[in-house]
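Asker: Prediction below, plus the sequence it came from.
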Amino acid sequence: MASHTILEIANALGGEAVGDTSLRVAGAAEPASAGADQLAIAMDSRYVDGLTAGRALAALLARGMDWQALRLKAAVVVDRPRLALSGLTAMLDAGHALPAGIHPTAIVDTTARLGKDVALGPYVVVGAGAVIGGGSRIDSHVSIAAGAEIGDNALILAGVRIGRNTRIGKHFMAHSGVVIGADGFSFVTSERSQVEAVRETMGKPEESRKDQDWLKIHSLGGVVIGDNVEIGANSSVDAGTIRPTSIGDGTKIDALVQVGHNVQVGRNCLLCAHVAVGGSARLGDNVVLGGQVGVADNITLGDGVVAGGASKILSNVPAGRAILGYPAMKMDTHIEVYKALRRLPRLFGIVENLQKSVSKTNQND
């Protein structure tokens with residue numbers, strides 16, 4: 001593994017190198033487990049104790065931390081530690097080792113178009129008329145359906161499935177198991193269904209109904225994904241019915257996320273693990289959905305909405321609002337409601353004592 005001096009790291013991160021700036025490190029580690037050849041990541045005072053337990057000679061520190069008092073030989077001091085961590089990890093990451101060229105087991109249709117320096121791993125299948133941009137690297141067992149288009153410099157890891165009518169921009173990254181462009185979950189009955197009745201009456205199903213088959217509404221719209229999008233392992237983006245499901249530039253999607261058919265996700269959104277976005281929902285730009293957030297179908301979230309983990313969003317949310325809970329409400333309101341809920345047992349006790357007091361007074365009268 002290549003090593004770097006403290007000065008080189010500080011210059012790359014826009015930080016300040018202090019102490020023995022010629023000291024070399026070959027990797028990074030948490031303070032307690034860091035060795036003498038590793039940079040300890042101690043960007044907060046909570047990690048100071050770990051430095052004494054480890055053997056690190058140098059650390060990445062936040063501005064204001066005293067590197068000399070921590071008995072370090074050198075340090076990289078930064079103003080915004082997490083931003084520096086992004087740069088440091090990029091600097092130290094050796095990347096995914098995918099061989100150049102096209103593996104002999106790959107199957108590429110004669111009408112597919114591959115850009116310059118495309119790498120295809122073992123058992124990759126590229127369908128008729130598919131387009132893969134230059135510099136893209138496709139790992140083993142990936143299938144790219146007929147007519148799909150992928151921009152330059154994509155990194156698609158093992159086992160990804162990219163369906164028909166899919167258009168993907170530049171610098172796309174898909175982790176193992178991602179499925180893009182599968183059919184949306186859309187069905188209808190020949191006559192009014194029990195589901196329709198419940199929707200209209202808000203929970204009062206019809207007394208008499210007959211069994212009906214569910215008829216598939218086919219997905220013709222495909223998927224459109226912008227530039228610099230990353231999708232985590234085993235997530236899926238369903239194809240639209242008539243218009244495409246869309247993911248905006250710069251959006252990052254975590255593992256095990258479901259984006260339903262016809263959904264529109266704006267630019268630079270974050271969708272954390274286990275998020276599920278119902279069909280035809282619209283997310284504005286810079287929306288952040290914490291883990292396990294559920295978004296009901298056919299609703300709109302404005303730009304800059306932040307939803308705390310496990311929130312269930314059942315109605316439209318205006319731009320810039322922070323929400324939490326089930327059903328999701330303003331975050332500060334939810335916290336007050338939660339506090340009130342915790343007080344209920346004590347309140348019930350007070351009411352019970354008051355009832356007893358009133359009852360005794362009545363008996364005395």
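Answerer: Perfect, I can see it now. Numbering: from 1, shown residues only.

Asker: so where's the stretch 151-300 of the chain uncertain?
Answerer: Low-confidence segments of the stretch 151-300 of the chain (pLDDT under 70): 205-209.

Asker: at 80 what do you get?
Answerer: 203-210 (pLDDT under 80).

Asker: What segments of it are helices?
Answerer: 194-201 (DSSP state H, counting those that start in this stretch).

Asker: who's in contact with the strand or helix carrying Thr52?
Answerer: Using DSSP states H and E, Thr52 falls within helix 48-53. Contact with helix 48-53 is made by Glu30, Pro31, Ala32, Ala34, Ala40, Ala42, Ala59, Met65, Leu70, Arg71, Leu72, as judged by C-beta atoms under 8 Å, 6 or more residues apart in numbering. From N, CA and C alone the C-beta is placed, and that goes for glycine too.

Asker: Now with 6 Å, please.
Answerer: Pro31, Ala32, Ala40, Ala42, Leu70 (C-beta atoms under 6 Å, 6 or more residues apart in numbering).

Asker: wouldn't the second one be in contact with Gly54 here?
Answerer: Yes. Here Ala32 lies in contact with Gly54, judged by C-beta atoms under 6 Å, at a distance of 5.0 Å.

Asker: Can you work out which residues contact both of those two?
Answerer: Common neighbours of Ala32 and Gly54 (C-beta under 6 Å, 6+ apart) do not exist.

Asker: So between those two, which is more surrounded?
Answerer: Neighbours per residue (other C-beta atoms under 10 Å) separate Ala32 from Gly54, with Gly54 holding more: 20 against 16.

Asker: my guess is that one contacts Pro31, does it?
Answerer: Yes. With contacts counted by C-beta under 6 Å, Gly54 reaches Pro31, the gap being 5.2 Å.

Asker: Endpoints of stretch 26-39, how far apart?
Answerer: One end of stretch 26-39 to the other measures 8 Å (C-alpha to C-alpha, to the nearest Å).

Asker: Stretch 161-181 too?
Answerer: Stretch 161-181 has its terminal residues 8 Å apart, counting by C-alpha to C-alpha.

Asker: Can you pick out the most distant pair from the contacts of helix 48-53?
Answerer: Farthest-apart pair in these is Ala32 and Leu70; separation 13.3 Å (C-beta to C-beta).

Asker: Show me what the longest helix anywhere in the chain is packed up against.
Answerer: Assignment by DSSP state H gives helix 331-364 as the longest helix of the chain. Packing partners of helix 331-364 (3 or more C-beta pairs under 6 Å, 6 or more residues apart in numbering; DSSP states H and E): strand 322-324.

Asker: correct me, but Ala128 touches Asp109?
Answerer: Yes. Between Ala128 and Asp109 there is a contact at 4.3 Å, judged by C-beta under 6 Å.

Asker: Relative to Ala28, how far out is Val223?
Answerer: Remark: distance between Val223 and Ala28 (C-beta to C-beta, to the nearest Å) = 36 Å.
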